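K.L.:
Structure, please.
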Amino acid sequence: QVQLVESGGGLVQPGGSLRLSCAASGFTFSSYAMSWYRQAPGKERELVAAITSADGSTNYADSVKGRFTISRDNAKNTVYLQMNSLKAEDTAVYYCHLIQYTLRPVNYWGQGTQVTVSP
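P.N.:
You can find the predicted model right below:
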């Protein structure tokens, strides 16, 4: 079965950096686009970044453009989110996400990893 396991969250000061990892299993990783979402307290879950399977094209939320970088290593079945110049408003639980289109779309989520940006 599909498993997505995030790691790399933690407490960091404003201006600092973190790299999140999402280890995937149970499906052909190289064939699927992957994405990162986040959810801050009291807010809806939002898309942060996504990367395609074919050519590795990426897209980002406006709020993180120029600061975050999504990448993937198909040999390791892992997707990453490099986060630089972190701000307090980046504080959230970050989730790895996969959507598979079979008879109907099926969404898979990891358990989430907490990122806290605070002095």
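
K.L.:
Next, the contact list for the residue of the chain positioned farthest from its centre, please.
P.N.:
Most distant residue from the mean C-alpha position of the chain: L103, 25.4 Å away (C-alpha atoms, centre = their mean). Contacts of L103 were listed using C-beta atoms under 8 Å, 6 or more residues apart in numbering, and none were found. C-beta coordinates here come from the backbone N, C-alpha and C atoms, glycine included.

K.L.:
One more: the one 5 residues further on?
P.N.:
For Y108, the residues meeting the contact criterion (C-beta under 8 Å, 6+ apart) are V2, L4, H97, L98, I99, Q100.

K.L.:
doesn't F29 make contact with the first one?
P.N.:
No: using C-beta atoms under 8 Å, V2 and F29 do not qualify as a contacting pair, with a distance of 10.1 Å.

K.L.:
neighbour count winner among the two?
P.N.:
Between V2 and F29, counting by other C-beta atoms under 10 Å, F29 is the more crowded of the two (20 against 13).

K.L.:
Okay, now the unreliable bits of this structure?
P.N.:
The model of the chain has no residue with pLDDT under 70.

K.L.:
okay, which residue is most central for it?
P.N.:
Within the chain, the residue whose C-alpha comes closest to the C-alpha centroid is W36; the distance, by C-alpha atoms, centre = their mean, is 2.5 Å.

K.L.:
Give me the distance between S71 and V79.
P.N.:
Here S71 is placed at a distance of 7 Å from V79 (C-beta to C-beta, to the nearest Å).
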